[in-house]
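[1] Have a look; sequence and predicted model below, questions after that.
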Amino acid sequence: AQKSLKEAYKDYFPIGVAVSPRSVTGPEAELIKQQFNSITPENAMKMGPIHPAKNQYNWKDGDAIVEFGQSNGIKVRGHTLCWHNQTPKWFFTDSTGAQVSREELLARLKQHITDVVTHYKGKIYAWDVVNEAVPDTGKGIYRESKFYQIIGEDYIQKAFEYAHAADPGAKLFYNDYNTESAVKREKIYQLVKKLKDKNVPIHGVGLQAHWSIFEPTQAELEKSITQFASLGLAVQITELDVSVHPKEHERRERKAGDEKSVFTPEMEQKQAAHYKMIFDTFRKHKGTITGVTFWNVSDKTTWLDNFPVPGRKDYPLLFDQNFKPKKAFDGVVNF
Ligand code: XIL
């Protein structure tokens with residue numbers, strides 16, 4: 001019989017997947033139990049869904065996911081405590097609609113992180129504490145988010161300190177995408193180095209790994225893994241998928257209508273080769289890489305359907321629309 005992902009990688013790292021409350025009760029649940037030993041709530045623990053209004057928490061979806069994990073021996077990764085997206089407007093405004101002060105926003109951030117991390121204390125092995133705080137281009141290392149504009153750069157440090165105080169046993173990560181671009185890699189390195197130098201409780205860097213069959217190269221990927229690890233940090237792959245479409249910057253140069261929503265044999269071949277290279281590289285960095293999580297279960301429903309191009313379907317995962325393993329699966333489990 002074919003090995004499962006979690007069996008194949010038992011001596012390396014847990015294999016995770018992003019889930020919604022629907023995927024843990026519906027037909028996907030069996031596949032999740034068979035293949036994966038870690039789960040990440042795709043949306044349920046983000047600020048908006050879990051903390052929709054002041055002093056009001058919605059624990060239901062997060063709890064259902066944690067409960068599914070616990071009753072099936074599957075670890076849970078938490079995502080995410082502080083992000084500029086999916087954060088409700090109320091967070092930054094007072095009752096008159098005016099922007100809150102630095103002190104007030106820090107107090108709200110502390111309350112939020114303390115409440116959420118405490119609620120799941122001991123049940124979540126790693127948290128993405130701060131997500132996507134670094135811009136893709138430009139000079140600075142800080143994204144011009146509301147958190148940065150109102151609080152200043154120390155919101156990042158504070159977020160890690162609040163999370164650590166609430167659950168000292170959880171591993172704390174800085175998480176971002178586009179981490180293989182030379183410019184952004186350097187910015188993230190500067191950011192996490194500053195945190196390490198100040199003894200901020202950060203334990204690792206999460207590479208989201210929203211890649212495509214055209215990128216990254218093995219050299220780029222290895223450079224990111226080794227550069228972050230050189231700071232004494234763990235590296236986790238937190239949101240892996242391999243789109244069959246070119247990324248935006250390459251796409252702009254192509255003619256409209258060039259792209260098809262079908263999964264061609266050529267795409268399948270390229271994707272299998274790319275996934276093989278990616279996992280060969282992960283295994284090479286055993287010990288440094290302490291987790292690999294896919295962003296969604298199968299090509300049946302992926303967040304990349306209609307994103308960033310409306311009407312376009314994508315096929316970025318190891319299981320097809322009928323939950324059957326694709327060609328890429330073979331190269332990942334047979335080594
Ligand atoms: C995505 C979810 O998959 C979607 O369902 C949601 O509509 C938007 O967010 N980087 C992240 C993830 O850190 O939280 C994002 O997840 C994908 C990009």
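    Yep, that arrived. Residues are numbered from 1 along each chain as shown.

[2] Show the pLDDT at the closest residue to the ligand within the chain.
    The chain approaches the ligand most closely through residue 303 (3.4 Å), counting by CB to the nearest ligand atom. Where you see a C-beta, it was placed from the backbone N, CA and C, and this is true even at glycine. For residue 303, the model assigns a pLDDT of 97.

[3] OK, contacts around residue 328?
    Neighbouring residues of residue 328 by CB atoms under 8 Å, 6 or more residues apart in numbering: 242, 268, 271-272, 274-276, 318.

[4] Now it: phi and psi?
    Here the main-chain torsion angles of residue 328 (degrees, to the nearest 10) amount to phi -60, psi -30.

[5] pretty sure residue 92 is touching residue 148, no?
    No: checked against CB atoms under 8 Å, the pair residue 92 and residue 148 is beyond contact range at 11.8 Å.

[6] Tell me the bridge partners for residue 18.
    Here residue 18 sits in beta bridges with residue 40, going by DSSP bridges.

[7] Show the pLDDT at residue 27.
    So residue 27 comes in at 88 (pLDDT).

[8] who's in contact with the closest residue to it other than its chain neighbours?
    Once flanking residues are discounted, residue 27 sits nearest to residue 323: 7.4 Å by CB to CB, 6 or more residues apart in numbering. Residues in contact with residue 323, defined by CB under 8 Å, 6+ apart, are 27-28, 31, 297-298, 300.

[9] for residue 323, helix, strand, or coil?
    With DSSP: H, G, I helix; E, B strand; the rest coil as the basis, residue 323 sits in coil.

[10] same check, this time on residue 196
    helix.

[11] Equivalent analysis for residue 163, please.
    Counting by three-state DSSP, the backbone at residue 163 sits in helix.

[12] close enough to count as contact, it and residue 117?
    Yes: at 5.2 Å, residue 163 and residue 117 qualify as touching, with contact defined as CB under 8 Å.

[13] tell me, what's touching the two both at once?
    Jointly contacting residue 163 and residue 117 under the rule CB under 8 Å, 6+ apart are 81, 127, 170.

[14] Write the PyMOL selection for whichever of those residues are buried.
    Remark: buried members of the shared contacts of residue 163 and residue 117, expressed as a PyMOL selection using 16 or more other CB atoms under 10 Å:
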select buried, resi 81+127+170
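
[15] Return the subset of the shared contacts of residue 163 and residue 117 lying in strands.
    81, 127 (DSSP state E).

[16] Using a markdown table, lay out the shared contacts of residue 163 and residue 117 together with distance to residue 236 and pLDDT.
    Putting the shared contacts of residue 163 and residue 117 into a markdown table (distance: CB to CB, whole Å; pLDDT from 0 to 100) gives the following:
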| residue | distance to residue 236 | pLDDT |
| --- | --- | --- |
| 81 | 16 | 98 |
| 127 | 11 | 99 |
| 170 | 13 | 98 |
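
[17] Which single one of the shared contacts of residue 163 and residue 117 is nearest to residue 332?
    residue 127 (26.5 Å; CB to CB).

[18] and the closest one, bridged to which residues?
    Residue 127 has these beta-bridge partners by DSSP bridges: residue 78, residue 172.

[19] What parts of the stretch 1-150 of the chain come near the ligand?
    Applying CB under 6 Å from any ligand atom, we find that the stretch 1-150 of the chain lies next to the ligand at 42-43, 131.

[20] can you redo those residues as TSV with neighbour count, pLDDT and secondary structure?
    Below are those laid out as TSV (neighbours: other CB atoms under 10 Å; pLDDT from 0 to 100; DSSP: H, G, I helix; E, B strand; the rest coil):
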residue	neighbour count	pLDDT	secondary structure
42	21	98	coil
43	17	98	coil
131	22	98	strand
